[in-house]
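K.L.:
Curious how this folds, go ahead:
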Amino acid sequence: MCTPGVTIEEEVTVEKTEEDKGTEIIFTTTTTKTTTTTTVTNEDSGNIVDEPDMNFDWGGEGPASMPSGNACYGLGTDTCAEITGSGNTTSEMGVEGMGTTFIQTVDISDLKIDNGGQVKYSIEVDKQDAEDRIYMHITGLNGTDQVFTGTDILSESGVATGYKYYDNTFDFSGSLNRITVEIGGRDVNLAVGPVFDSVSLNVFYNVINTIVTQQITTVEEIVYLNLFDSTELEFATEVIDFNDITVDDAGKVDFKPIETKQEEVTYETVEMEIQEINFKMDDFKMDMPTPPMESVELEMELELELELEITEPEIEVANIEEQPEAPVEVEEVEKEQPIEEETTEPSIEPEEAPKEIEEVEEAPEEIKEEPTKEPSAKEKAATKIVKKIDDKARYDDVSQMKTLIVMQILGNTKTFFDTQALIQDTNVNEYLNKTIEDKYAVLFNMAQEQTINDMVNSQWQK
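P.N.:
Below is the predicted model of the structure:
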């Protein structure tokens with residue numbers, strides 16, 4: 001018999017393929033997970049013996065009787081079976097020392113036993129004469145094929161047993177659809193033969209259910225080859241971004257432009273947006289903590305000391321290399337400026353004179369840079385608005401209009417968008433209504449009064 005329970009087995013296989021389609025390479029990984037779930041249970045057929053209480057004779061070989069009452073001894077007063085044959089032959093099932101047999105074959109094909117099991121029997125026996133013998137024989141079949149066979153000698157000759165209960169099991173494997181039971185023995189002295197009753201035969205068999213499940217996972221990795229230039233890729237990207245692409249069952253691809261709601265841009269909306277940005281910038285400035293005055297003064301002193309340390313070495317090198325005759329010029333400066341000697345300031349040492357002269361000479365070369373004009377809050381806000389315009393939409397009608405309005409707000413030319421006065425066209429109906437005769441009346445009259453020759457002569461005379 002198999003131990004009842006559930007076992008699960010898993011098997012995983014991985015298969016990789018590669019397909020080159022020219023413009024792309026497709027790598028496919030297929031993972032197959034096979035799960036086998038086996039459930040084992042033990043089933044009991046119940047007692048398969050027909051008439052186990054021996055109320056009638058099963059049939060068999062040799063003489064027999066079916067006593068009851070006191071003749072059944074320890075088996076009870078109901079009916080029992082008695083072996084009365086004294087012969088010593090081989091039974092139908094191949095058991096030697098047989099005088100009488102009771103045989104029964106049971107069909108159990110409806111149980112559908114395919115995975116083995118065991119057959120268990122039990123029987124009550126009362127043998128009064130020690131010289132008698134009794135046995136139990138069972139044969140299991142699958143069609144005509146013998147699956148198992150077994151013989152148990154319940155009580156052999158020479159053993160005084162009296163009443164006794166016997167049981168045992170026979171194991172088998174594979175399929176089983178028929179069982180033959182044979183109970184036999186001898187009444188050696190032909191006085192009181194062995195009697196038996198309450199025969200049971202149960203088949204315990206394995207039921208195995210196996211469930212196999214498969215989980216298949218396929219992953220495709222597509223590597224596109226670099227066969228397109230950047231212009232084609234940008235065009236394809238724009239087509240995908242600005243169109244809804246659908247494919248019908250026939251494989252036809254349809255492109256529909258994505259409908260986007262156009263933003264209404266006016267002078268007032270742009271001006272309001274600039275104000276909102278200004279408010280946010282003002283709030284940001286208010287939230288910034290003001291550094292204490294002590295830290296500001298300390299930073300200024302550190303910066304001043306750092307500048308002095310950097311500039312002093314440069315001045316000394318310039319005095320040595322570029323002004324070799326500086327001491328002579330110092331004397332001339334002192335003579336020409338006697339007023340400075342009368343001041344309370346300390347006189348200039350000759351060694352320090354080159355520094356002052358260099359500073360005087362280099363002073364004209366210093367160019368004062370005018371401070372860069374800080375952009376106004378309105379200009380900063382306008383710049384943010386223009387930068388917010390998406391590059392792809394920079395040249396559409398809405399973006400162009402917004403950019404133009406921002407420029408007008410910065411230039412304070414709001415009247416540019418006012419309704420322009422219409423120039424009234426001059427009434428030309430009076431000119432259109434004139435006839436050819438009216439326009440050329442003078443020439444027409446002249447042609448009638450003078451001939452061409454007269455006209456030519458008159459010109460010649462003049």
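K.L.:
which stretches of the stretch 101-250 of the chain form strands?
P.N.:
117-127, 133-142, 145-155, 162-172, 178-186, 195-224, 243-247 (DSSP state E, counting those that start in this stretch).
K.L.:
Out of those strands, which one sits most buried?
P.N.:
Counting by mean count of other C-beta atoms under 10 Å, strand 178-186 has the highest mean neighbour count of the strands of the stretch 101-250 of the chain, with a mean of 24. Just so you know, the C-beta spots here come from the backbone N, C-alpha and C atoms, and that holds for glycine as well.
K.L.:
what about it, average pLDDT?
P.N.:
The average pLDDT within strand 178-186 is 96.
K.L.:
How about stretch 28-48?
P.N.:
Here the average pLDDT along stretch 28-48 is 95.
K.L.:
Shouldn't G74 be within a strand?
P.N.:
No. Read with DSSP: H, G, I helix; E, B strand; the rest coil, G74 is helix and lies in no strand.
K.L.:
and the helix or strand containing E15, what does it pack onto?
P.N.:
E15 is part of strand 5-20 when elements are defined by DSSP states H and E. Packed against strand 5-20 by the contact rule (3 or more C-beta pairs under 8 Å, 6 or more residues apart in numbering; DSSP states H and E) you find strand 24-47.
K.L.:
can you pull out the helices in this protein?
P.N.:
230-241, 267-287, 293-322, 326-336, 339-342, 353-362, 377-387, 397-410, 429-432, 436-439, 441-449, 452-461 (DSSP state H).
K.L.:
ok, back up a step: among the strands of the stretch 101-250 of the chain, which comes closest to T7?
P.N.:
The stretch from the strands of the stretch 101-250 of the chain with the least distance to T7 (C-beta to C-beta) is strand 195-224; that distance is 9.7 Å.
K.L.:
Quick check: neighbours of the closest one in the sheet, parallel or antiparallel?
P.N.:
strand 24-47 (antiparallel), strand 81-83 (antiparallel), strand 117-127 (antiparallel) (DSSP bridges).
K.L.:
Which of those has the highest mean neighbour count?
P.N.:
It is strand 81-83: most buried of those by mean count of other C-beta under 10 Å, with a mean of 25.
K.L.:
which other residues reach it?
P.N.:
With C-beta atoms under 8 Å, 6 or more residues apart in numbering as the test, strand 81-83 has contacts from 54, 57-58, 62, 64-67, 71, 99-100, 102, 132, 134, 183-187, 193-197.
K.L.:
make it 7 Å
P.N.:
When contacts are defined by C-beta atoms under 7 Å, 6 or more residues apart in numbering, strand 81-83 is touched by residues 54, 64-67, 99-100, 102, 134, 185, 187, 193-197.
K.L.:
that older thread, could I get the strands paired with strand 195-224 as TSV with distance to I108?
P.N.:
Shown next, in TSV, are the strands paired with strand 195-224 (distance: least, C-beta to C-beta, whole Å):
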stretch	distance to I108
strand 24-47	6
strand 81-83	23
strand 117-127	10
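K.L.:
Please name whichever of the ones you listed is nearest to S376.
P.N.:
Using C-beta to C-beta, the nearest of those to S376 is strand 24-47, at 54.7 Å.
K.L.:
Residue ranges in the chain under the pLDDT threshold?
P.N.:
227-229, 232, 259-263, 281-374, 378, 390-395, 411-462 (pLDDT under 70).
K.L.:
give me that answer again for 80
P.N.:
Residue ranges of the chain with pLDDT under 80: 224-242, 249-251, 255, 258-268, 270-271, 273-462.
K.L.:
picking up where we left off before, would you turn the strands of the stretch 101-250 of the chain into JSON lines with distance to T32?
P.N.:
Shown next, in JSON lines, are the strands of the stretch 101-250 of the chain (distance: least, C-beta to C-beta, whole Å):
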{"stretch": "strand 117-127", "distance to T32": "35"}
{"stretch": "strand 133-142", "distance to T32": "37"}
{"stretch": "strand 145-155", "distance to T32": "38"}
{"stretch": "strand 162-172", "distance to T32": "37"}
{"stretch": "strand 178-186", "distance to T32": "43"}
{"stretch": "strand 195-224", "distance to T32": "5"}
{"stretch": "strand 243-247", "distance to T32": "30"}
